[in-house]
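Trainee: 3D, please:
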Amino acid sequence: MLSPKQLFFILAFSLLVLVGSQLNFSPIIGADNQFFTMFQFFGPTAGAFLGPIVGAATVLLAELINFVFAGKAFTLINLAWLAPMLFAAAYFNGKGKRLVAAVPLLAMVLFWMHPIGRQAWFYALYWLIPILATLKPNLISRSLGATFTAHAIGSVAFLYAVPTTPALWIGLIPIVAFERGLFSLGIAASYVVLNTVMAKLHLPVFDVDPRYVISKRLLLG
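Mentor: Reported below is the predicted structural model:
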């Protein structure tokens, strides 16, 4: 059973997702009228506070509310866009290393099985990042792993749902490095802020990490 405080967090998080999803960050190259939004900068953090299952369910609920609010069509690719952040939230929780590492590994195999993906096979090597990040988990590695897990799932869904060319994927390689680097920094910063708020409000129903609580001592060194 969820506590009232957890339910409040879920509702507040859903509202935050609704707002963040309206703020476009960059267009998704190759997709008409599809954008990465500010949601990418904080979405996975729900998994850290609520656990992998409830955290992913919270992200799904928030995405569905935004889906209806934005009036998106129930197309295969639109529905596929719901999946990446669910797995990113589960990854960011930091538990179940073998399971979270299996997701990007499976994505690599599926990418290489596709005739277009096979011609740009080195693009999928990005997804070694979330696998290797499980070896030494910390805030930065978890943030990188989460955003690249979302990237792996989104890329494979895009590959199989939308006609593309090898040149498109090869051209995306430097763009991915820039965007995912920013997303990972945003996830880490968002987590520190939310973690600090949870700690200051003394909310024991959430998984608060004392290592990432902003304090005067931390700020002053």
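Trainee: residues contacting the nearest residue to Phe42 once chain neighbours are set aside?
Mentor: For Phe42, ignoring the flanking residues on the chain, the nearest one in space by Cβ to Cβ, 6 or more residues apart in numbering is Ser190 at 3.7 Å. Bear in mind the C-beta positions are built from the backbone N, C-alpha and C, glycine included. By Cβ atoms under 8 Å, 6 or more residues apart in numbering, the residues touching Ser190 are Phe41, Phe42, Thr45.
Trainee: where does Ser190 land on pLDDT?
Mentor: Listed pLDDT for Ser190 reads 90.
Trainee: quick one: the host helix or strand of it to chain centroid distance?
Mentor: Using DSSP states H and E, the element containing Ser190 is helix 166-200. Chain-centre distance of helix 166-200: 8 Å, with Cα atoms, centre = their mean, to the nearest Å.
Trainee: all strands for this protein, in order.
Mentor: Using DSSP state E, the strands of the chain run over 24-27, 35-37.
Trainee: which parts of this structure are helices?
Mentor: Using DSSP state H, the helices of the chain run over residues 4-20, 46-50, 52-69, 76-80, 83-92, 97-113, 115-119, 128-132, 139-161, 166-200, 216-220.
Trainee: now distance to Asp207 too, for those helices, in CSV please.
Mentor: Compiled in CSV, the helices of the chain are given as follows (distance: least, Cβ to Cβ, whole Å):
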stretch, distance to Asp207
helix 4-20, 11
helix 46-50, 6
helix 52-69, 10
helix 76-80, 29
helix 83-92, 11
helix 97-113, 16
helix 115-119, 37
helix 128-132, 20
helix 139-161, 13
helix 166-200, 9
helix 216-220, 20
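Trainee: of all the ones you listed, which one is nearest Thr37?
Mentor: helix 4-20 (6.0 Å; Cβ to Cβ).
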